[in-house]
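Chemist: Give me a 3D structure for the following:
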Amino acid sequence: VQLQASGGGLVQPGGSLRLSCTASGSIFSINAMGWYRQAPGKQRDFVAGITSSGSTNYASSVKGRFTISRDNAKNTVYLRMNSLKPEDTAVYYCNRVSTIAPMAARPLSSWGQGTLVTVSS
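Modeler: Sure thing, here's the model as predicted:
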């Protein structure tokens, strides 16, 4: 599976962005998918996950502000980010995940290209 994220950019605090991640391969629709992020000097952390049937889960730091969704026909997963904060600044990646439980999720594929989100005034 090859993964490519896009949609990042510079946004002011309180602003919004929508990220997209396209996956190659016909197995996309049967996999749970997740978004991760890695801030400078920090580890890569789970942000949100969605099952093949559309159930979702979120890290506590983004719950209520971020929304994950997917379009299986387009092999694409999205992350809508509202009320962005400076601490959301990071490179965002997507991946297949073992589960959408935030503390238990593990990435299942090699990492693809991420997309940089910078929240700053």
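Chemist: In contact with the residue nearest in space to the middle of the chain, which residues?
Modeler: Against the mean C-alpha coordinate of the chain, by CA atoms, centre = their mean, the closest residue is residue 35 at 2.3 Å. By CB atoms under 8 Å, 6 or more residues apart in numbering, residue 35 lies in contact with 19, 21, 46-49, 68, 77, 79, 92-94. (C-beta placed from N, C-alpha, C; glycine too.)
Chemist: try it again with 6 Å
Modeler: Residues near residue 35 by CB atoms under 6 Å, 6 or more residues apart in numbering: 47-48, 79, 94.
Chemist: Kindly report the same for residue 95.
Modeler: Residue 95 touches 34, 107, 109, counting by CB under 6 Å, 6+ apart.
Chemist: how would you label it: helix, strand or coil?
Modeler: Classification of residue 95 by DSSP: H, G, I helix; E, B strand; the rest coil places it in strand.
Chemist: Could you do residue 67 as well?
Modeler: strand.
Chemist: For residue 85, give its distance to residue 14.
Modeler: Going from residue 85 to residue 14 by CB to CB, to the nearest Å gives 8 Å.
Chemist: what about this protein, any weak spots by pLDDT?
Modeler: 26 (pLDDT under 70).
Chemist: Let's see that with 90 instead.
Modeler: Counting by pLDDT under 90, the chain has low-confidence residues at 1-2, 24-31, 73.
Chemist: Which stretches in the chain count as strands?
Modeler: For the chain, applying DSSP state E gives strands covering 3-6, 9-11, 17-23, 33-38, 44-50, 56-58, 66-71, 76-81, 90-96, 115-119.
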